[in-house]
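Enquirer: need a structure here:
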Amino acid sequence: MFDMHVHTSYSKDGHEKPETMAKILKNKGFRGMAITDHNTVKGAFRKYDIEGFTIIPGIEISTDRGHILGIGIGGDIKSRRAEDAIDEIHEKGGVAIIAHPYRMFSGAVKNFEGLNVDGIETFNARSFPSQNKRAEKLARNMKKSVTGGSDAHHAWEAGRGYTLIDADGVDDILDKILKGETKSGGKMSVAMPLKSSVGALLAYARRGFIKI
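Expert: Coordinates of the predicted model:
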């Protein structure tokens, strides 16, 4: 069980150190997490030594079409045009995942035409159940792999969404995603996404209404 969408203090809106998030998830029985900070890999490529826990380097890119996750990348992703960012993710050995489709705010991708992604995030703990169900349908229609994650920005959110993968190590995880051998899930809730949405809007206001 892996949390494939985790933000840390290296994100402008993240609140916890990567080590803190990792230890929380390990205590909850997770085998690893993807560090997917907004538009930066500063936290993802630090050296971590947490026994029995895999850190997967990643990023959440704010593209012209919405947010896209780059999982298992071997370097920073500079492109901000969606098609180019996806190509760059692939060039750097990663998989490209559409993050939280159908969400009303937070950079949701709504136009999927021509996006050569590898998967769809079909469970995001900050999305409402109806949005996650639409994401599941999208993945089926596009015949794409699925991932799940908490999209945690605070400690209390860590592990509320997950990806089930029978894999060891980053390369094996990426291979299983590409082969479609994954399942997503998490704690279905209306209250938690509502709480997260309110927090995100307040943070947006504190940033002077600057989008991430």
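Enquirer: list the helices and strands the longest strand seen in the chain packs on?
Expert: If you go by DSSP state E, the chain has its longest strand at strand 54-63. Applying 3 or more CB pairs under 8 Å, 6 or more residues apart in numbering; DSSP states H and E, we find strand 54-63 packed against strand 2-6, strand 32-35, strand 66-71, helix 82-91, helix 170-178. C-beta coordinates here come from the backbone N, C-alpha and C atoms, glycine included.
Enquirer: That strand vs strand 66-71, what angle?
Expert: Here strand 54-63 points in a direction 160 degrees away from that of strand 66-71 (axes from the mean of the first three to the mean of the last three CA atoms, to 10 degrees).
Enquirer: Now find how far off-centre strand 54-63 is within its chain.
Expert: Centroid displacement of strand 54-63 relative to its chain, using CA atoms, centre = their mean, to the nearest Å, is 7 Å.
Enquirer: could you pull out the helices for this protein?
Expert: Taking DSSP state H as the criterion, the chain carries its helices at 18-27, 82-91, 129-142, 170-178, 191-206.
Enquirer: Buried ones in the second one, by neighbour count?
Expert: Looking back up the chat, that one is helix 82-91. Buried residues in helix 82-91, counted by 16 or more other CB atoms under 10 Å: 82, 85-86, 88-90.
Enquirer: what's the burial count for residue 64?
Expert: Neighbour count of residue 64, defined by other CB atoms under 10 Å: 11.
Enquirer: Next up, the contacts around it.
Expert: 80-82 (CB atoms under 8 Å, 6 or more residues apart in numbering).
Enquirer: What pLDDT is listed against residue 22?
Expert: For residue 22, the model assigns a pLDDT of 96.
Enquirer: now residue 201
Expert: Residue-level pLDDT assigned to residue 201 equals 64.
Enquirer: Would you mind putting the helices of the chain into a markdown table with distance to residue 100 alongside?
Expert: Putting those into a markdown table (distance: least, CB to CB, whole Å) gives the following:
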| stretch | distance to residue 100 |
| --- | --- |
| helix 18-27 | 18 |
| helix 82-91 | 15 |
| helix 129-142 | 7 |
| helix 170-178 | 17 |
| helix 191-206 | 10 |
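Enquirer: Of all those, which one is nearest residue 53?
Expert: Residue 53 lies closest to helix 18-27 among the helices of the chain, at 4.8 Å (CB to CB).
Enquirer: Also compute the angle for that closest one relative to strand 54-63, please.
Expert: Using the same axes, to 10 degrees: helix 18-27 against strand 54-63 is 120 degrees.
Enquirer: hang on, the earlier thing: pipe the contacts of residue 64 into JSON lines and attach pLDDT and distance to residue 27 per row.
Expert: Listed next are the contacts of residue 64 as JSON lines, based on pLDDT from 0 to 100; distance: CB to CB, whole Å:
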{"residue": "80", "pLDDT": "95", "distance to residue 27": "36"}
{"residue": "81", "pLDDT": "95", "distance to residue 27": "40"}
{"residue": "82", "pLDDT": "95", "distance to residue 27": "36"}
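Enquirer: What is the nearest of those to residue 185?
Expert: residue 82 (26.9 Å).
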